[in-house]
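Colleague: Let's see this in three dimensions:
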Amino acid sequence: MNEKETKQKPAKMCYEHIGGKLGQLLAVTFAEKGWITKKNPADKHFYITDLGQKEFTKLGIDISEIKPENL
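Modeller: Numbers count the residues shown, from 1 in each chain. As a prediction, this is how the structure comes out:
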């Protein structure tokens, strides 16, 4: 392993999502921006807000690939 490889920051994949510190930082940032939210603070899952749908689309993220769920 060369020196450059040892200094790269990981973007860990866990099943079908980004895990690790990067995933946690993304979730916090998206929540702070109002792109994702929870119906109740105690809920486990977030949902994408109308603002989030617009902003993710601007970033080139095709959220149509996300199937709706009852959250």
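
Colleague: Confirm L26 sits in a helix?
Modeller: Yes - checked against DSSP: H, G, I helix; E, B strand; the rest coil, L26 lies within a helix.

Colleague: Show the contacting residues for I48.
Modeller: For I48, the residues meeting the contact criterion (CB atoms under 8 Å, 6 or more residues apart in numbering) are 35-36, 56, 63, 66. Quick note: C-beta positions are derived from backbone N, CA and C, even for glycine.

Colleague: neighbours around D43, how many?
Modeller: Applying other CB atoms under 10 Å, we find 11 other residues in the vicinity of D43.

Colleague: ugh, typo on my part, it should be G52
Modeller: Burial of G52, expressed as a neighbour count using other CB under 10 Å, amounts to 20.

Colleague: buried subset of the contacts of I48?
Modeller: 35-36, 56 (16 or more other CB atoms under 10 Å).

Colleague: Now go through the residues you listed and say which are in strands.
Modeller: With DSSP state E as the criterion, strands contain I36 from among the buried ones among the contacts of I48.

Colleague: picking up where we left off before, out of the contacts of I48, which one sits closest to M13?
Modeller: I66 (16.7 Å; CB to CB).

Colleague: how close does the nearest residue to that closest one once chain neighbours are set aside get to E16?
Modeller: Sequence neighbours aside, I48 is the residue nearest to I66 in space, at 7.4 Å (criterion: CB to CB, 6 or more residues apart in numbering). Using CB to CB, to the nearest Å, I48 is found at 16 Å from E16.
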